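Peer 1: any chance you could fold what I've pasted below:
(chains A and B)
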2 protein chains.
Amino acid sequence: MTSAAVKTYLLGLQNRIVAALEAFDGTPFRRDEWERPAGGGGITRLIEGGAFFERGGCNFSHVMGDGMPASATAHRPELAGRAFEAMGVSLVLHPHNPHCPTVHLNVRFFQATAPGKEAVWWFGGGMDLTPYYPVEEDVRHFHATCRAAVLPFGGDDEYRRIKAWCDRYFFLKHRNEPRGVGGLFFDDLNDGGFERCFGLTRSVGDAFLPAYLPIVERRRDVRYGERERDFQTYRRGRYVEFNLVFDRGTLFGLQSGGRTESILMSMPPVVTWRYDWHPDPGTAEARLYEEYLVAKDWV
Amino acid sequence: MTSAAVKTYLLGLQNRIVAALEAFDGTPFRRDEWERPAGGGGITRLIEGGAFFERGGCNFSHVMGDGMPASATAHRPELAGRAFEAMGVSLVLHPHNPHCPTVHLNVRFFQATAPGKEAVWWFGGGMDLTPYYPVEEDVRHFHATCRAAVLPFGGDDEYRRIKAWCDRYFFLKHRNEPRGVGGLFFDDLNDGGFERCFGLTRSVGDAFLPAYLPIVERRRDVRYGERERDFQTYRRGRYVEFNLVFDRGTLFGLQSGGRTESILMSMPPVVTWRYDWHPDPGTAEARLYEEYLVAKDWV
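Peer 2: Numbering: from 1, shown residues only, chains lettered A, B, ... in the order given. So this is what the prediction gives:
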């Protein structure tokens, strides 16, 4: 059965990632196993007040139900009302240090079934980086690792498609501003058969640690003060705005009766809003907007 | 012309409220007048880092366009595609002191027009209180003032309808939790003719200062420490979740190309998220959930 293989992979991925992050931080992640009254459940692994991570989580969930939620069928109205099964691993990490970027990973598998009809399945996934004080070398490394993960599954064309989708998806329309420097995003993936799609999804999941850890290993000891912290908490407001207004995964989870505390592990620990604030020209903060919060080919 | 009379009232209401709040705080509000490229504009009046208010605003806007945004027609599909005109005053105030509640007021007027068809108009509005450490006397005073504002326009039945609508509307489904202690909420109001509906809307707008100011006058000097402040910033997360996930006014503004910085003046200045946090039984924090975050008849 195909979904059993996906589940095995996802649970293993969660374990590997959490083990590596625990080793990096030196703090064990909390573990909460939960059941969903309407069917399914998940394993939430979460850190708060770590030595390095201020807040973050790496969650597995596997949910099922009788009617697809609207957020999952917006682009597939023909599936409305079908029974569904959704499983995935979602990760968001918010470091204390503003010189270290926030990062997001998600890999997921959906199946929509209806009596007497063939099951429709697809994979989705991606990862994206949200730096506050970016370093070009880090951004290039992240994108190069993302690209290498996709290349075996369709070459540069497939990479460019998935990279461009990320730039379009993680975009705050009401700010006319990207969430961060992008990475990968794909959805509705079933071209080329199950093995190819599962392979690409695994490759993206497996690329997370080599894409992110070298960056925070390099930047974890960079000093920062109140100014950098203020800018970080201000920029985290954009993360909240994106996730609560636009993110399909968040809305799917909240609409499908998901476990709120697990879904909202993506919320940053401390966030500030300030009216109509803009960085002074020529500052490091202005450089984020001018040089990084623009769609670019980084590789 | 009816909408001109509404506009005059709304601009006067904004001025009266801001003047009273400036006097209360001792800090002048910032004033930004803006134009909307697609038609209309507004006047944003905002305070940050006041002596009493940590952040807040009282905004007027008057926007128009060719196609009603989805958030305005969710319950009126027959108006989709009509030209629209929307004007309103929106207020959100976040005091520094956790013993003083956050408050929200909105009064608005919509018109949807189509060539060869009669214009469809309606009023909407309401106010609601979101305390952190509520005092029963204050909550009763707020609701009694709300009730008195509605009574001349339909008696207790109309009050109960509008009060119950508020309880339903300001509800976080994903938390199964009300946003605060409620107040008034109405939309699609055009029963009884323009004068009656405009009168009720004015009465609600005019009731704001007498509903809120006596509460903060009584509580402004209550001492607080880190514990109360932590609870306040945590609870403010719920305010963010409601406004970005559910609030029709916020979504209407963001979808209709409104001025983002004015719309998001409702965001609290400092917000925290903590995983699966619950107050200890018997504490003042637990009392908020048990005695106040439940739908109740307060008058």
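Peer 1: only C-alpha atoms from now on, for both contacts and neighbour counts.
Peer 2: Fine.
Peer 1: low-scoring stretches of the stretch 51-200 of chain A, by residue?
Peer 2: Within the stretch 51-200 of chain A, the stretches with pLDDT under 70 are A:72-74.
Peer 1: which parts of it sit against chain B?
Peer 2: When proximity is defined by CA under 8 Å from any CA of the partner chain, the stretch 51-200 of chain A lies next to chain B at A:174-175.
Peer 1: which stretches of the stretch 51-200 of chain A form helices?
Peer 2: In the stretch 51-200 of chain A, the segments counted as helices under DSSP state H, counting those that start in this stretch are A:70-73, A:136-150, A:155-169, A:194-219.
Peer 1: got these as TSV, with distance to A:V103 and mean neighbour count columns?
Peer 2: Shown next, in TSV, are the helices of the stretch 51-200 of chain A (distance: least, CA to CA, whole Å; neighbours: other CA atoms under 10 Å in any protein chain shown):
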stretch	distance to A:V103	mean neighbour count
helix A:70-73	23	18
helix A:136-150	10	20
helix A:155-169	13	18
helix A:194-219	8	18
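Peer 1: what's the closest of the ones you listed to B:P279?
Peer 2: Minimum separation from B:P279 across the helices of the stretch 51-200 of chain A (CA to CA) falls at helix A:70-73, 32.7 Å.
Peer 1: residues near A:T2, how many?
Peer 2: Residues near A:T2, counting by other CA atoms under 10 Å in any protein chain shown, number 9.
Peer 1: ugh, wrong one, A:T8
Peer 2: 10.
Peer 1: do the same with the one 5 residues further on
Peer 2: Taking other CA under 10 Å as the criterion, the count of residues near A:L13 is 20.
Peer 1: show the average pLDDT along the host helix or strand of it.
Peer 2: Using DSSP states H and E, A:L13 sits in helix A:2-25. Here helix A:2-25 scores 96 as its mean pLDDT.
Peer 1: show me what that helix is packed against.
Peer 2: With contacts taken as 3 or more CA pairs under 8 Å, 6 or more residues apart in numbering or on different chains; DSSP states H and E, helix A:2-25 sits against strand A:53-65, strand A:83-95, helix A:194-219.
Peer 1: including distance to B:F109, could those go into CSV?
Peer 2: Shown next, in CSV, are the helices and strands packed on helix A:2-25 (distance: least, CA to CA, whole Å):
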stretch, distance to B:F109
strand A:53-65, 41
strand A:83-95, 41
helix A:194-219, 49
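Peer 1: closest to A:V135 out of the ones you listed?
Peer 2: helix A:194-219 (9.2 Å).
Peer 1: in the stretch 51-200 of chain A, what residue is nearest chain B?
Peer 2: Residue nearest to chain B within the stretch 51-200 of chain A (CA to the nearest CA): A:H174, separated by 5.8 Å.
Peer 1: number of nearby residues for A:A5?
Peer 2: Neighbourhood size, A:A5 [other CA under 10 Å]: 10.
Peer 1: how much space is there between it and chain B?
Peer 2: From A:A5 across to chain B, the span is 31 Å (CA to the nearest CA, to the nearest Å).
Peer 1: okay, now the closest residue to A:I43 other than its chain neighbours: neighbour count?
Peer 2: Spatial nearest neighbour of A:I43, excluding adjacent residues (CA to CA, 6 or more residues apart in numbering or on different chains): A:E33 at 4.4 Å. Residues lying near A:E33 (other CA under 10 Å) number 12.
Peer 1: can you name the residues that contact A:E33?
Peer 2: A:41-44 (CA atoms under 8 Å, 6 or more residues apart in numbering or on different chains).
Peer 1: does A:E22 touch A:F29 like I think?
Peer 2: Yes: under the criterion of CA atoms under 8 Å, A:E22 makes contact with A:F29 at 6.6 Å.
Peer 1: more crowded one of those two?
Peer 2: Neighbours per residue (other CA under 10 Å) separate A:E22 from A:F29, with A:F29 holding more: 20 against 17.
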